[in-house]
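J.: Got a predicted structure here, sequence first:
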Amino acid sequence: MIKVRFAPSPTGFLHIGGARTALFNWMYARAQKGTFVLRIEDTDQQRSKKEFEEEILRSMKWLGFDWDELHYQSQRFDIYREHAHRLLDEGKAYKEGEAIILKMIPDQEIKIYDLIRDEITFDSSDLKDQVLMKSDGSPAYSFCCVVDDALMEISHVIRGEDHISNTPKQIMIYNALGWKVPKYAHLPLIMGEDGSRLSKRNGAVAVSDYKNQGFIAESLVNYLMLLGWSPGNNQEKTTLEAAVKKFSIKKVNKAAAIFSMEKLRWLNNQYFKEMKTDQLIEILKENLQERKVDMNLVDDAQFRELVDLYKGRLATLNDFYDWTDFAFVSDVKISDELKSKYLAAEKCEILKKLADALAGVGQFDASTAESVFKQTVESSGHTSKDYIHPVRVALTGKEVGPSLFHIMSILGKDKTVSRLNHVSI
RNA sequence: GACCCCAUCGUCUAGCCUGGUUAGGACUCUAGCUUUUCAAGCUAGCAGCGCGGGUUCAAAUCCCGCUGGGGUCGCCA
């Protein structure tokens, strides 16, 4: 029976490396029809915070990693104490003040069986005696880790590569307790863009940061699984369900991977493009609500048109409002820079003519807007090309964007006409 | 420094186990097409087996060394 665990410490938010460790544990459990345990390692009373714990659980749910069991180490202090005292009684550990410390036995060859790296060998002579219980009566990390993994019958310990050197110490603890050592899989680390350790300096680290930036869980999870693993067949975009079917821990890479925000953005955009408009509308509205955007000036039909028009260029959900903010307000703000670049007096005159012409139109849609635009501009002796940009700036406050005439249509006759009329400098 | 891990385009990777590929895909980048701009899309292109020794008819693939990168060395987890 396969049983794995993800064991975060609530001394900070769930970070991207932790999320990947959780993902591989979760995929392994689901692929093997095993059990996935979530264990909160809150032994450090000072640094552990309830808000971090809640955030970790929230992020786990958001990512779609459901767990079968949930444990808190803070509720298991009696168990750790009991086993530490047993080792004391057996003479395998000694006291130093109030602390209980395990004696290391020298000259032992310690072999770790790692699913990803095969055998790793250590010499116990290189190890220092290990603190089991600290002077303040709380258990030390390696000790509770071993006690819990053994008692919870964890079959495979899947964790980051940074734990490789903890493993021989923990094996000495297993041996002292007379317990069976689990199998291991040490995942390669995720590095920042500059090749150094992932930190706030070289990008977002918390899963919640990615959510706040407008990444969706599906693409973040998809991207994370690509770091150190491949679904095969040159496939990259995949679902968790499909990935689980193909997942093999032995196929996980050994080398550290650099996190590429650029590729994540690309993947996120792929998800938007293939998403049903209704679903995208729903999550975009949620996003706008979170950002406290007033949506009263845009009705459902307009919103849908905006989504269809802009979804191709969204790397994140947040991009949507950055592109379409002009539609949610009664008047656009146009920077002085764009005004002087596109809205000189003679341009504004034509824009006013265009406004008048558009005002007289009965059926206001993209194709009539386009023909009126061309007629007006060309009859004044100008080319369409010269006026596309000024009009776009007048209507949206931006110099780039999708089809101008569709924007007019979404904005509606009144707003289009009034914005063209009020651009005078 | 000691111990340990690792090494295919700039980046993520397939191939390595079970030697024989024009070393494949993706992101980025470049060019062209498309286009009212940008983005997207389509097409084409640039770019890689860290180095040195073996083993072998044949090495990205197996072995050794070197170099380079990373991790750990807390009564933090």
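T.: Received it, and whenever you're ready, just let me know what you need.

J.: Going by neighbour count, list what's buried in the helix or strand harbouring A:A369.
T.: For A:A369, the element it lies in under DSSP states H and E is helix A:366-379. Residues of helix A:366-379 classed as buried: A:T368, A:A369, A:E370, A:V372, A:F373, A:T376, A:V377 (neighbour count, 16 or more other Cβ atoms under 10 Å). For the C-beta atoms, the positions are set from N, CA and C on the backbone; glycine is no exception.

J.: and the gap between the nearest residue to the last one once chain neighbours are set aside and A:S330?
T.: For A:V377, ignoring the flanking residues on the chain, the nearest one in space by Cβ to Cβ, 6 or more residues apart in numbering is A:Y387 at 4.8 Å. Counting by Cβ to Cβ, to the nearest Å, the gap between A:Y387 and A:S330 amounts to 24 Å.

J.: For those two, work out which one has more neighbours and name it.
T.: A:Y387 (23 against 8; other Cβ atoms under 10 Å).

J.: any idea which helix or strand comes after the helix or strand containing that one?
T.: In this assignment (DSSP H and E), A:Y387 forms part of helix A:384-396. Proceeding C-terminally, helix A:384-396 gives way to helix A:404-411 as the next helix or strand, assigned by DSSP H and E.

J.: close to RNA strand B, is that following helix?
T.: Yes - using Cβ under 7 Å from any atom of the strand, helix A:404-411 reaches RNA strand B at A:L404, A:F405, A:H406.

J.: quick check, nearest of those residues to A:A140?
T.: Nearest to A:A140 among the residues of helix A:404-411 next to RNA strand B, counting by Cβ to Cβ, is A:H406 at 63.5 Å.

J.: returning to that earlier point: what packs against the helix holding A:A369?
T.: Applying 3 or more Cβ pairs under 8 Å, 6 or more residues apart in numbering; DSSP states H and E, we find helix A:366-379 packed against helix A:345-359, helix A:384-396, helix A:404-411.

J.: export those helices to TSV and tack on mean pLDDT?
T.: Listed next are these as TSV, based on pLDDT from 0 to 100:
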stretch	mean pLDDT
helix A:345-359	88
helix A:384-396	92
helix A:404-411	95
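
J.: Would you mind naming what in the stretch 1-150 of chain A lies close to RNA strand B?
T.: Neighbours of RNA strand B within the stretch 1-150 of chain A, by Cβ under 7 Å from any atom of the strand: A:9, A:11, A:41, A:43-44, A:47, A:73, A:96-97, A:99, A:117-118, A:120-123, A:126, A:128, A:131, A:134-136, A:138, A:140-142.

J.: Can you flag the buried ones in those?
T.: A:9, A:41, A:43, A:73, A:99, A:117, A:120, A:122, A:131, A:134, A:138, A:140-142.

J.: Tell me how far A:K341 lies from A:Y72.
T.: Applying Cβ to Cβ, the value for A:K341 to A:Y72 is 60 Å.

J.: can you map out the strands along chain A?
T.: A:3-6, A:35-40, A:69-72, A:93-96, A:99-102, A:109-114, A:118-123, A:130-133, A:156-160, A:183-187, A:190-191, A:257-258 (DSSP state E).

J.: Name the residues that touch the second one?
T.: Spelled out, it's strand A:35-40. For strand A:35-40, contacts defined as Cβ atoms under 8 Å, 6 or more residues apart in numbering pick out A:1-10, A:25-26, A:29-30, A:53, A:56-57, A:60, A:65-74, A:148, A:152, A:154.

J.: From the residues you listed, which land in helices?
T.: Secondary structure from DSSP state H places A:N25, A:W26, A:A29, A:R30, A:E53, A:I56, A:L57, A:M60, A:D148 of those in helices.

J.: which residues touch A:L240?
T.: Going by Cβ under 8 Å, 6+ apart, A:L240 touches A:M27, A:G64, A:E218, A:V221, A:N222.

J.: Return the distance of A:I16 relative to A:K200.
T.: Distance from A:I16 to A:K200, by Cβ to Cβ: 11 Å.

J.: swap in A:L102?
T.: 36 Å.

J.: quick one, which of these two is more surrounded?
T.: Remark: of A:L102 and A:K200, A:L102 carries more neighbours, 27 against 11, as counted by other Cβ under 10 Å.

J.: Would you agree that one is in contact with A:L132?
T.: Yes - between A:L102 and A:L132 there is a contact under Cβ atoms under 8 Å: 5.4 Å.

J.: quick one: common contacting residues for those two?
T.: By the contact definition Cβ under 8 Å, 6+ apart, A:L102 and A:L132 are jointly contacted by A:L87, A:A93, A:F143, A:I173.
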